[in-house]
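Chemist: predicted model and sequence below, questions to follow.
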Amino acid sequence: MTVLVTHPGRQHSHQAALALQGAGLLAGYWAGVPSLPEHGRFVPPALWRRLVPYAPVPLDPSKVRCAPWVPGLRRLGDRLPGNAAREVDFAACRLFDRWAARHLARAGASAVISCEISARSTFRAARERGIVTLLDAPSIHWAAQDRLHGTLDAPGLHRRIVRVKEEEIALADHIVTVSELARQTYLAAGVPPDKVHAVPLGVDLSLFRPDGTEAAPRGCGIVFLFAGASIHRKGFDLLLEAFAQVAAQVPDVRLRLIGPAGDSIHLLEKYPSVPLEVAGPTDQQSLAAAFRRADCLVLPSRNDSYAMVVPEALASGLPVIVSEMVGAKDLVREGKNGWIVPAGEAAPLAERMLACARDPEGVRGLREACRRSAEAATWEGYAARFTALIRRLVP
């Protein structure tokens, strides 16, 4: 029994491939993002690092295939306005799916796990060959997304995306989500419970770790950190509103914002006098350093299927404030390593942030407990959970 992993980008798909390789179950890893050093042999190193800000993956080269035109097409699409960019992104995913479907027979796999929106054609081809189909579902169910925060897609594009997702769900023998929260949204949509399985993700404890020093000298105000895109889905508007209330009462508090500009970045203009530090997107090394310089991660998402920054922050010794719609909330122990607040509301978020701002030493005193709680969420643990599930599901 062997399993093929396909993904138009990367996300956590390479971790699934590494887990399968370690268990002797990997048939192949086909992704859009280059995975091996040799994929960049014809590109100058400096340019390659700029184009592909991902570390190589230690996979058997004979089992890796790369489709770099997919992220290339998506990057070109990012330069287009609004819905045109989303159309290009959808087209890139669909083209990757058709490419994987055409080459599926050569993988010799017993099962294939493919990412949503990039699985329909692959699953159709797999069904014809008696190959088990597993849907990699990194997001919550589309109906829950629509209910919680709607969509920025044009109506016609959204209908096409939903059609693809619905057919993929129907074609999938099994669906693998990244959290129990996400799994429950599939059950609420009527998918049978024995078809949906949650496998929480992991964290690199060697990269994300405390450095033995405090983020600020004793007596200094607390430093909150938001790491993610400045978008409505992640509650960026709620964060700014709540923090403005806190800053008005605790003048030495600060908020650092790290991540790409999104649909809510314009809201910064409403808070010209609030003590904000704004940075753009960063790599994993710099993100780990940013965690070590902060006191508390804040993530008030309206929907985050998992949110990798939560275990990364905990592993760095950082307490977290997350909404009830963040999948990684399962790692939070109230008052021990963080706090959970209602989703979609600024007032409870402001109340919790204010309590932290008034007790910075108490918040910093949770660092050791935070690190210990992250030790249960390693990538090694993920690999064990994922391969155990695959052995159970695939004959």
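Modeler: It's in. Numbers count the residues shown, from 1 in each chain.

Chemist: show me where the stretch 101-250 of the chain has its helices.
Modeler: Using DSSP state H, counting those that start in this stretch, the helices found in the stretch 101-250 of the chain span residues 120-128, 142-149, 155-171, 180-188, 236-249.

Chemist: distance to Leu134 added to these, as TSV?
Modeler: Any C-beta I mention is one placed from the backbone N, CA and C, and that applies to glycine too. Shown next, in TSV, are the helices of the stretch 101-250 of the chain (distance: least, Cβ to Cβ, whole Å):
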stretch	distance to Leu134
helix 120-128	9
helix 142-149	18
helix 155-171	11
helix 180-188	13
helix 236-249	33
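
Chemist: Val88 is nearest to which of those?
Modeler: helix 155-171 (10.7 Å; Cβ to Cβ).

Chemist: would you mark the buried spots in that closest one?
Modeler: Using 16 or more other Cβ atoms under 10 Å as the burial criterion, the residues of helix 155-171 that qualify are 157-158, 160-161, 164-165, 168-169, 171.

Chemist: and what of stretch 31-44?
Modeler: 31-36, 39-40.

Chemist: from those residues, which land in strands?
Modeler: Ala31 (DSSP state E).

Chemist: any chance of the buried residues of stretch 31-44 in TSV, plus pLDDT and distance to Glu116?
Modeler: Converted to TSV, those look like this (pLDDT from 0 to 100; distance: Cβ to Cβ, whole Å):
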residue	pLDDT	distance to Glu116
Ala31	95	15
Gly32	92	14
Val33	90	17
Pro34	90	22
Ser35	90	20
Leu36	90	25
His39	81	25
Gly40	73	28
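
Chemist: now, which of the buried residues of stretch 31-44 sits nearest Arg129?
Modeler: Distances from Arg129 to those, taken by Cβ to Cβ, are shortest for Ala31, at 21.3 Å.

Chemist: ok, back up a step: adding mean pLDDT and distance to Ala289, write the helices of the stretch 101-250 of the chain out as CSV.
Modeler: Formatted as CSV, those follow (pLDDT from 0 to 100; distance: least, Cβ to Cβ, whole Å):
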stretch, mean pLDDT, distance to Ala289
helix 120-128, 98, 39
helix 142-149, 94, 31
helix 155-171, 97, 37
helix 180-188, 98, 29
helix 236-249, 97, 21
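
Chemist: Ala84 is nearest to which of those helices?
Modeler: Of the helices of the stretch 101-250 of the chain, nearest to Ala84 by Cβ to Cβ is helix 155-171, at 10.1 Å.

Chemist: any stretches of the stretch 201-350 of the chain with poor pLDDT?
Modeler: 212-219 (pLDDT under 70).

Chemist: so Pro360 makes contact with Cys296?
Modeler: No - using Cβ atoms under 8 Å as the test, Pro360 is too far from Cys296 to be in contact (9.1 Å).

Chemist: overlap in contacts of these two?
Modeler: Ile222 (Cβ atoms under 8 Å, 6 or more residues apart in numbering).

Chemist: quick one: the strands in the stretch 201-350 of the chain, in order.
Modeler: For the stretch 201-350 of the chain, the strands defined by DSSP state E, counting those that start in this stretch occupy 223-227, 254-258, 276-279, 296-299, 320-323, 338-341.

Chemist: nearest to Val332, of those?
Modeler: Across the strands of the stretch 201-350 of the chain, closest to Val332 is strand 338-341 (Cβ to Cβ), at 4.4 Å.

Chemist: many thanks, I have nothing further to ask.
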